[in-house]
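Student: Please work out how this folds:
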Amino acid sequence: MKKITTLVLLTGMLFSACKNNRSGDLRTAGVTVKVNYPATYSQQSASQASVTITSIADGSTKTAAAGNDGQAVFSGVLPGSYHLSATRNLTAQEALTLTGVGQELTLNAASNNVTVSGTEDVTFTLELQGTVAGSLLIKEVYYTGSKTVAGGTYFSDQFVEIYNNSTDTLYLDSLCIGDAYGNSGLINPNSLPTPFNTDNQHVYLSNVWRIPGTGKDRKLAPGRSIIIAQDGVNHKDALLNPASPVDLSKADWEAYNERPDGRDADAPAVPNLERVYFTGGFDWLLTVFGPGVVIFRANFESLEKVAIPGSTLDPRIKVPNSAVIDAFEGLKDAGSVAYKRIPTALDAGFVYADDTYNMQSFRRKTATTINGRKVLQDTNNSSTDFEKLAAPTPKVFQ
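Tutor: Numbering: from 1, shown residues only. So this is what the prediction gives:
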């Protein structure tokens with residue numbers, strides 16, 4: 001019995017010193033694990049993080065909580081190889097303070113196969129990672145168009161801006177953007193609301209475009225954005241519309257609609273989105289009366305194509321709410337609420353311009369600024385999240 005007890009004790013001595021055995025004294029070390037929040041958070045030290053050190057040799061573990069300095073301390077650690085891991089669960093209020101977005105969040109970090117020699121104390125550092133839901137947002141939508149010097153109308157300078165509102169680098173590969181089917185309001189005496197407005201679980205799209213990539217080709221850093229232009233050119237050019245408010249020749253993407261008649265000219269300096277599904281004319285025109293726009297991810301081939309009741313137009317693409325990352329809705333005027341096309345769960349409100357072709361644009365409000373990174377407001381309500389601007393502000397906030 002005495003020998004058995006000794007063996008059991010020996011197998012549990014990962015984190016304690018063993019003295020006076022046949023091989024001589026076993027030296028142990030103190031291990032400190034410093035846990036940090038991502039660099040884009042408002043503070044660095046991750047207090048209350050749960051830290052675990054696991055022996056690779058026998059799988060035994062020990063766990064400690066990080067103190068106010070973000071450090072978890074382990075004493076009496078035997079020489080060997082270990083796996084380190086840390087977890088921090090943030091409440092909505094904690095996440096709001098740290099990131100500017102008030103949503104519960106779990107952060108994790110790990111380091112494999114670290115070595116403890118047993119001859120001296122050692123410190124390791126782990127940086128937590130985690131992405132707040134709703135991290136890609138529609139930052140600005142310019143759809144109203146502009147007037148030409150001669151008083152004509154010009155809509156080719158439309159754009160949508162997408163912003164990384166998270167604290168992590170995100171990948172835009174296979175991100176889709178589309179516009180919702182349906183009138184924006186009483187455009188003419190026969191304008192009716194969308195026949196799909198009784199379905200609160202889906203949004204029905206007329207056109208779908210996609211950012212190409214294999215998975216991690218299209219990086220977007222925190223606080224950065226991309227511009228998707230209808231036409232990626234300098235619209236202020238004398239041959240186009242000198243009265244236009246935007247130069248989109250440096251846009252990140254354009255919606256080039258390749259056609260046999262060549263009516264949509266390709267801007268060679270701006271990469272083209274993939275045209276996944278298109279029911280429009282010669283260009284991807286967002287209605288100047290107010291579009292519904294969504295960004296989403298889904299296996300397009302699995303999405304249902306639905307006929308428009310009572311219409312001979314092409315079917316529309318049925319996208320479940322669960323696939324939608326963000327939504328924006330613009331309508332004709334304040335009285336056009338019956339014409340909403342975006343389900344309330346995705347966007348509880350809408351915006352409206354004072355007129356068409358007046359250069360007005362809609363930009364998401366800034367909720368706070370953390371370490372120079374603007375955190376944009378996101379309550380899933382365009383009425384309160386967006387502000388009306390006299391002119392568009394691509395990639396800026398002024």
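
Student: where exactly do the strands run in the stretch 1-150 of the chain?
Tutor: 29-36, 50-55, 61-65, 71-77, 80-90, 105-116, 122-127, 136-142, 146-147 (DSSP state E, counting those that start in this stretch).

Student: Quickly compare those and say which is most buried.
Tutor: Of all the strands of the stretch 1-150 of the chain, strand 136-142 has the most neighbours on average by mean count of other C-beta atoms under 10 Å, namely a mean of 25. Placement of C-beta: from N, CA and C, glycine included.

Student: pLDDT weak spots in the stretch 201-350 of the chain?
Tutor: The stretch 201-350 of the chain contains no residues with pLDDT under 70.

Student: In contact with the residue nearest to Ser75 when sequence neighbours are not counted, which residues are there?
Tutor: Leaving out its chain neighbours, the residue that sits closest to Ser75 by C-beta to C-beta, 6 or more residues apart in numbering is Gly30, at 5.1 Å. Going by C-beta atoms under 8 Å, 6 or more residues apart in numbering, Gly30 touches 73-77, 121-122.

Student: distance of Gly30 from Thr123?
Tutor: From Gly30 across to Thr123, the span is 9 Å (C-beta to C-beta, to the nearest Å).

Student: can you check Ser184 too?
Tutor: 60 Å.

Student: Repeat that for Ala348.
Tutor: According to C-beta to C-beta, Ala348 stands 49 Å off from Thr123.

Student: follow-up on the earlier one: let's have the contacts of Gly30 in CSV, adding distance to Gly151 and pLDDT.
Tutor: CSV is the format used below for the contacts of Gly30 (distance: C-beta to C-beta, whole Å; pLDDT from 0 to 100):
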residue, distance to Gly151, pLDDT
Val73, 74, 97
Phe74, 76, 95
Ser75, 80, 92
Gly76, 83, 91
Val77, 79, 92
Asp121, 78, 92
Val122, 74, 94
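
Student: what's the farthest-apart pair in those residues?
Tutor: Gly76 and Val122 (13.2 Å; C-beta to C-beta).

Student: which residues does the residue nearest to the spatial centre of the chain contact?
Tutor: Residue closest to the average C-alpha location in the chain (C-alpha atoms, centre = their mean): Leu136, at 2.1 Å. The neighbours of Leu136, taking C-beta under 8 Å, 6+ apart as the test, are 162-166, 170, 172, 175, 220, 295, 325-326.

Student: ok, now with 10 Å
Tutor: Counting by C-beta atoms under 10 Å, 6 or more residues apart in numbering, Leu136 makes contact with 162-166, 170, 172, 175, 220, 225-226, 295, 297, 325-326.

Student: Most widely separated two among the residues you listed?
Tutor: Taking C-beta to C-beta as the measure, the contacts of Leu136 span a maximum distance of 17.9 Å, between Ser225 and Arg297.

Student: what about the residue nearest to Trp209 when sequence neighbours are not counted, neighbour count?
Tutor: Spatial nearest neighbour of Trp209, excluding adjacent residues (C-beta to C-beta, 6+ apart): Leu273 at 4.1 Å. Residues near Leu273, counting by other C-beta atoms under 10 Å, number 23.

Student: if I read this right, Leu273 contacts Ile227, doesn't it?
Tutor: No: shown here, Leu273 and Ile227 do not form a contact pair, counting by C-beta atoms under 10 Å, at 11.7 Å.

Student: Between those two, which contacts overlap?
Tutor: Counting by C-beta under 10 Å, 6+ apart, the contacts common to Leu273 and Ile227 are 252-254.

Student: Quick check: of these, which lies closest to Ala109?
Tutor: Set against Ala109, the nearest of the shared contacts of Leu273 and Ile227 by C-beta to C-beta is Asp252 (31.2 Å).

Student: if I look at that closest one, how far off is Ile162?
Tutor: 9 Å.

Student: which residue sits closest to Val77, ignoring its sequence neighbours?
Tutor: That would be Val31: by C-beta to C-beta, 6+ apart, it lies 4.8 Å from Val77.

Student: ok, the one you found - contacts?
Tutor: Residues counted as contacts of Val31 (C-beta under 10 Å, 6+ apart) are 15, 51, 53, 62, 64, 72-77, 82, 84, 114, 116, 121-124.

Student: mind checking which helix or strand Val208 is in?
Tutor: Assigned by DSSP states H and E, Val208 belongs to strand 202-210.

Student: elements contacting that strand?
Tutor: Secondary-structure packing of strand 202-210 (3 or more C-beta pairs under 10 Å, 6 or more residues apart in numbering; DSSP states H and E): strand 176-180, strand 274-277, strand 292-296, strand 304-306, strand 316-320, strand 324-331.

Student: ok so, going back, make a PyMOL selection of whichever of the shared contacts of Leu273 and Ile227 turn out to be buried.
Tutor: Only the buried members of the shared contacts of Leu273 and Ile227 enter the following PyMOL selection, criterion being 16 or more other C-beta atoms under 10 Å:
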select buried, resi 252+253+254
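
Student: Tabulate the shared contacts of Leu273 and Ile227 (CSV), appending secondary structure.
Tutor: Listed next are these as CSV, based on DSSP: H, G, I helix; E, B strand; the rest coil:
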residue, secondary structure
Asp252, coil
Trp253, strand
Glu254, strand
